[in-house]
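> here's my sequence, what's the structure:
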Amino acid sequence: MKVARLSTGCEALDELLGGGIEYNTLTNVYGPPGCGKTTLCLQAAVSCIEKGKKVVFIDTEGGFSKERLGQLSDGLDDILDEIILIEPDNFDSQEENVGRLDNICEKKDIGLIILDSLVTLYRLELNNGDIQDVNSRLANQLSTLSNLSRKRETPVLITNQIYSDIENGGVELVSRDIAKYQSKCLIEMKKFERGKRLAILRKHRSRPEGEEAQVVITEEGMKKPEKKFSFL
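As a prediction, this is how the structure comes out:
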């Protein structure tokens, strides 16, 4: 059975994912600041709108930019009218708005749900609340998003932050296993100089894990490089 996918707007990433983001799953993109996570979200939003669908964009860290969206959409008329922008300022508000998504999908023709970033407000809440309770609330939000993606057959794209794992080496997701469990697709983004980026497929239902795609960040967005480049 052919799996429906939404283009990310980046040829190299679409090739890595076998055509794009799967419709009925939760895709989790993580990496350091400036690696292109928000650019990818905006490009995927444009791709969805070009197919005649609306987008819900939950922005928890102020990364949504009308100017950047205009660059990526090549001046697509009235594109902002097709985006339901939600900007929670605390973890309670994020939780409330995730809970409202099914009702929004019921009333609007939603083709993509974006949460950028999953953990910005979660990290702040960890400093103020009971860790076990906050983790449970985050897990419930992810469960809601995962269930909604299956119920509505709508792709859900979230971004995640990382920290250095001193004990085991490498990097770890801020949300650790909470997000890993619910996400059927995990993409790690690595940042290098002069706009060079490396996307690594860490988890997928049907694609080989560990495969990589080189991309470059330009004014027009995340692109496939004309030729392979070296990271040295």
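
> state the distance from I110 to R150.
I110 sits 14 Å away from R150, going by CB to CB, to the nearest Å. Backbone N, C-alpha and C define where each C-beta goes, glycine included.

> between those two, who's got more neighbours?
Remark: of I110 and R150, I110 carries more neighbours, 19 against 13, as counted by other CB atoms under 10 Å.

> what does the helix or strand encompassing A213 rub up against?
Using DSSP states H and E, A213 maps to strand 212-218. With CB atoms under 8 Å, 6 or more residues apart in numbering as the test, strand 212-218 has contacts from 10, 12-13, 15-16, 36, 39, 195-201, 222-225, 228-229.

> take these and keep only those in strands.
K196, R197, L198, A199, I200, L201, M222, K223 (DSSP state E).

> quick one: low-confidence parts of the protein?
1, 76, 164-170, 232 (pLDDT under 70).

> for the longest helix seen in the chain, buried residues please.
In the chain, taking DSSP state H as the definition, the longest helix is helix 131-152. By 16 or more other CB atoms under 10 Å, the buried positions in helix 131-152 come out as 134-135, 137-139, 141-142, 144-146, 148-149, 152.

> now distance to E82 too, for those, in TSV please.
Formatted as TSV, the buried residues of helix 131-152 follow (distance: CB to CB, whole Å):
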residue	distance to E82
V134	33
N135	34
R137	30
L138	29
A139	31
Q141	24
L142	26
T144	23
L145	21
S146	24
L148	19
S149	20
R152	17
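
> nearest to E106, of these?
R152 (8.8 Å; CB to CB).

> chain center to stretch 90-102: distance?
Averaged C-alpha coordinates place stretch 90-102 at 17 Å from its chain's average position (CA atoms, centre = their mean, to the nearest Å).

> could you check it and say which residues are buried?
F91, Q94, E95, N97, V98, L101.

> any idea how far Q141 is from the last one?
With distances taken as CB to CB, L101 is found 10 Å from Q141.

> go on, the second one?
As judged by CB to CB, Q94 and Q141 stand 7 Å apart.

> and what of the fourth one?
Going from N97 to Q141 by CB to CB gives 10 Å.

> same question for the fifth one.
When distance is defined by CB to CB, V98 is 5 Å away from Q141.

> the third one now?
Distance of E95 to Q141, computed by CB to CB: 6 Å.

> kindly report the same for E82.
Relative to Q141, and taking CB to CB, E82 is found at 24 Å.

> please identify the buried residues of stretch 67-77?
Here stretch 67-77 shows R68, L69, L72, S73 as buried, counting by 16+ other CB under 10 Å.

> so which of these is the closest to Y163?
Distance to Y163, by CB to CB, is smallest for R68 among those, at 26.1 Å.

> all helices of this structure, in order?
Using DSSP H, helices in the chain cover 11-16, 37-50, 66-73, 91-107, 120-128, 131-152, 177-182.

> off-centre distance for the last one?
In this case it means helix 177-182. 14 Å.

> ok, now the longest one?
Helix 131-152 sits 15 Å away from the centroid of its parent chain (CA atoms, centre = their mean).
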